[in-house]
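[1] Provided below for reference: sequence and predicted model.
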Amino acid sequence: MQLIIKEITPGYFHIKEAKVHVTLVVGSKKALLWDTGYGITDLMSAIRSITMLPLIVINSHSHIDHIGGNFAFDEVYINPTALASAAFFNSAPIREIGLIRTINVHHAVKRDYSLTRMTAVREGKIFDLGDKTVEVIEIPGHTEADLALWIKEDEVMLTADAVNYVMWLYFSDQVKQSTIVKSLTKLAEYPIKNIIASHRHTPLSHHYLVELRDVIANLRKETCIAVDPSAMPLSDHTDLLEFHTLILHKEVQIVMRENQFDIY
């Protein structure tokens, strides 16, 4: 499989592997890699074709399309709440099932994650790239351990799966509708120029974020339809509900669990 590299805004590169983008932020002294993809290609070679600067690696959350390439790095930062699920999703049997279901690979290449040091990172941590500073923000929603990154010099927010045209919000029993709204409100308080998401090839806007937040805040169970759980990777839940709407003329799909609704 060939990786596709695109500079989506100056100094910010999307590297596409199958159905996901990992994001490389290049500063004047260091570079930062946001997620590591499925781990089925030579991501390091792609990175080094862009920059030879020292590299900081951060996982946004623990799903297989964001942590699969961790094996290639000495150290990866992650929300400590996501450590157990990261180990689960990168375990050989779950990884193989997940890759077959999500990207139709016939066989998952075995990877050794034991040499990668997983380092806890929490909200407020600042990484200095030279001409850019990267602030870690905790935003439970897509999972209870989601992170976002704020680069104030460029007014860029990296949101991974927390802001997209398809919002899968059912992965954690701990996250309620009100929590998701609170996290998106938290992001909306920043003076964002561009939102870079893992499943979008171009940046999203602050306006989109606010409208998405408001749609989720006003969702009611009776406006949603049941979803066939077999269509959802690694999911056997029968309480999934799906809602479609238009935000800025784009169709947005939101999938939640029935027990997540707590705004009336």
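    Now that the structure is in, tell me what you want to look at.
[2] contacts for the helix or strand of the chain with the lowest mean pLDDT?
    Within the chain, judged by mean pLDDT, DSSP states H and E, the helix or strand with the poorest mean is helix 92-103; its value is a mean of 88. Defining contact as CB atoms under 8 Å, 6 or more residues apart in numbering, one finds that helix 92-103 is touched by 18-19, 38, 40, 64-65, 68, 88-89, 105-108, 110-111, 233-234. Yep, even glycine has a C-beta here, placed from its N, CA and C like the rest.
[3] so where's the stretch 1-150 of the chain shaky on pLDDT?
    Of all residues in the stretch 1-150 of the chain, none has pLDDT under 70.
[4] mind listing the strands in it by residue range?
    Under the criterion DSSP state E, counting those that start in this stretch, the stretch 1-150 of the chain contains strands at 4-9, 12-17, 20-26, 31-34, 55-58, 75-78, 117-120, 126-128, 133-138, 147-151.
[5] For those, could you give me TSV that also reports mean neighbour count and distance to Ile94?
    As requested, the strands of the stretch 1-150 of the chain are exported to TSV (neighbours: other CB atoms under 10 Å; distance: least, CB to CB, whole Å):
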stretch	mean neighbour count	distance to Ile94
strand 4-9	14	27
strand 12-17	22	19
strand 20-26	23	17
strand 31-34	24	23
strand 55-58	21	21
strand 75-78	20	17
strand 117-120	13	17
strand 126-128	14	30
strand 133-138	18	25
strand 147-151	23	22
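[6] circling back to that earlier point, please spell out the PyMOL selection for the buried subset of the contacts of helix 92-103.
    Restricted to buried positions by 16 or more other CB atoms under 10 Å, the PyMOL selection for these reads:
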select buried, resi 18+38+40+64+65+68+89+105+108+111+233
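[7] Report the central residue of the protein.
    Ala160 (2.7 Å; CA atoms, centre = their mean).
[8] What score does that residue have for pLDDT?
    Looking at Ala160, its pLDDT is 97.
[9] For it, which phi and psi angles does the backbone take?
    Ala160 adopts backbone torsions of phi 50, psi -120, taken as degrees, to the nearest 10.
[10] For beta bridges, what are the partners of it?
    Ala197 (DSSP bridges).
[11] Numbering from 870 from now on, please.
    Right, with 870 as the first residue, what we last looked at is Ala1029.
[12] From Glu1127, how far off is it?
    Ala1029 sits 25 Å away from Glu1127, taking CB to CB, to the nearest Å as the criterion.
[13] Could you do Pro1009 as well?
    Separation of Pro1009 from Glu1127 (CB to CB) stands at 19 Å.
[14] Give me the more crowded residue out of those two.
    Pro1009 (21 against 14; other CB atoms under 10 Å).
[15] Verify the stated contact: that one with Ser1047.
    No - counting by CB atoms under 8 Å, no contact exists between Pro1009 and Ser1047, whose distance comes to 10.8 Å.
[16] got the residue ranges for the strands in the stretch 1020-1133 of the chain?
    Under DSSP E, counting those that start in this stretch, the stretch 1020-1133 of the chain gives strands at 1025-1029, 1035-1037, 1063-1066, 1094-1095, 1109-1116, 1119-1126.
[17] now, of the ones you listed, which is deepest in the fold?
    Mean neighbours per residue, mean count of other CB atoms under 10 Å, is largest over these for strand 1025-1029, with a mean of 27.
[18] Please name every helix or strand in contact with that one.
    strand 1016-1020, strand 1063-1066 (3 or more CB pairs under 8 Å, 6 or more residues apart in numbering; DSSP states H and E).
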